[in-house]
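Chemist: Can you look at this prediction? I've put the sequence above it.
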Amino acid sequence: MFKTFKPFKSFKAFCGLCALCASAVMTPAIPALAQRDALKVRENLEAVIIRAGDSKNLTGQIAPKGTQVKESLQVRGVRSPDRKAPDTLAPDPLPVRGGSLRAHGTVMLAQIRDGQVIDVRGPFRNLIVNAGETALRDCFIATSCTPVQAWKFHGIGTGATAAAEGDTGCQTELTTQYNPDNTRATGSQTNNGANVYRTVGTNTVDAAAAVTEWCLLTAATGAGTPMWSRVVFSTINLASGDSLQTTYDLTIE
């Protein structure tokens, strides 16, 4: 009724297990009875588990005889007609992506005259300059944290050029307009939440000044470098005796 394949010269190369199923390997046009016999042979053979989507890829692991294999399976030399290996495996999980650290600051300005706030500006987003970034890096590698701890001195000036990464101080800082002369305000140092550094400084003038810039430095007098940040804003006209309170918040997230 039908023909059987002649066993290969080395049947083991075909099946990988034994020649037991040689009589069960039929042409594609095999009758149902012969197909049933082939399946019986398959059930007595050791099964090869193919785990679909398993990242360890256990293809080729041999299960003991009698093991109930629930996953898709395939026996070498005999393919089960009622079970099929998956076309594709589940994709590998996406790689874990690292987080990033961001630091950004804002400054609020309050003009005070005769003990009353007469003008409020901001918040203005600041520019953290190169010198400040370098000083922060050096603190992480333990070169020196002194500048980081000293960024609390608030300078103000009349420079109107936009803030730039290469800035090292206020463009045109006040000098004798400060009261006392040539002395910046020493700001407080607190937190304004779990991840916010805050410093508040108040500069008083004893001469009129058209203030347009603010900078955060490391000393009350002199260069005060390295500078951390600089902000330029529209003119605030200070009269003699006025004060400008600057509140800087640095948020790290």
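Modeler: Yes, it's here. Residues are numbered from 1 along each chain as shown.
Chemist: Where does T134 fall, secondary structure wise?
Modeler: helix 130-140 (DSSP states H and E).
Chemist: That helix: what's the following helix or strand?
Modeler: Proceeding N to C from helix 130-140, the next assigned helix or strand is helix 146-149, under DSSP H and E.
Chemist: Give the other helices and strands that that next one contacts.
Modeler: Counting contacts by 3 or more Cβ pairs under 8 Å, 6 or more residues apart in numbering; DSSP states H and E, helix 146-149 packs against helix 130-140. For glycine as for every other residue, the C-beta is placed from the backbone atoms N, C-alpha and C.
Chemist: still on that earlier bit, show me which positions of the helix holding T134 end up buried.
Modeler: Neighbour counts over helix 130-140 (16 or more other Cβ atoms under 10 Å) mark A131, G132, A135, L136, D138 as buried.
Chemist: Hmm, the last one is touching S144, no?
Modeler: Yes - using Cβ atoms under 8 Å, D138 makes contact with S144 at a distance of 5.7 Å.
Chemist: domains in this protein, as residue ranges please.
Modeler: For the chain, automatic domain parsing gives the domain ranges 11-92, 103-252.
Chemist: By mean pLDDT, show me the worst of those domains.
Modeler: Lowest mean pLDDT within those: domain 11-92, a mean of 46.
Chemist: The protein: strands as residue ranges?
Modeler: Secondary structure of the chain by DSSP state E: the strands cover 48-49, 61-62, 103-113, 116-125, 127-128, 153-157, 185-186, 190-191, 196-204, 209-217, 229-238, 243-252.
Chemist: Let me have the ones you listed in JSON lines, adding mean neighbour count and distance to D167 as columns.
Modeler: What follows is those, written out as JSON lines (neighbours: other Cβ atoms under 10 Å; distance: least, Cβ to Cβ, whole Å):
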{"stretch": "strand 48-49", "mean neighbour count": "18", "distance to D167": "67"}
{"stretch": "strand 61-62", "mean neighbour count": "12", "distance to D167": "66"}
{"stretch": "strand 103-113", "mean neighbour count": "18", "distance to D167": "14"}
{"stretch": "strand 116-125", "mean neighbour count": "12", "distance to D167": "15"}
{"stretch": "strand 127-128", "mean neighbour count": "18", "distance to D167": "8"}
{"stretch": "strand 153-157", "mean neighbour count": "24", "distance to D167": "11"}
{"stretch": "strand 185-186", "mean neighbour count": "18", "distance to D167": "19"}
{"stretch": "strand 190-191", "mean neighbour count": "10", "distance to D167": "26"}
{"stretch": "strand 196-204", "mean neighbour count": "19", "distance to D167": "19"}
{"stretch": "strand 209-217", "mean neighbour count": "24", "distance to D167": "8"}
{"stretch": "strand 229-238", "mean neighbour count": "18", "distance to D167": "5"}
{"stretch": "strand 243-252", "mean neighbour count": "20", "distance to D167": "16"}
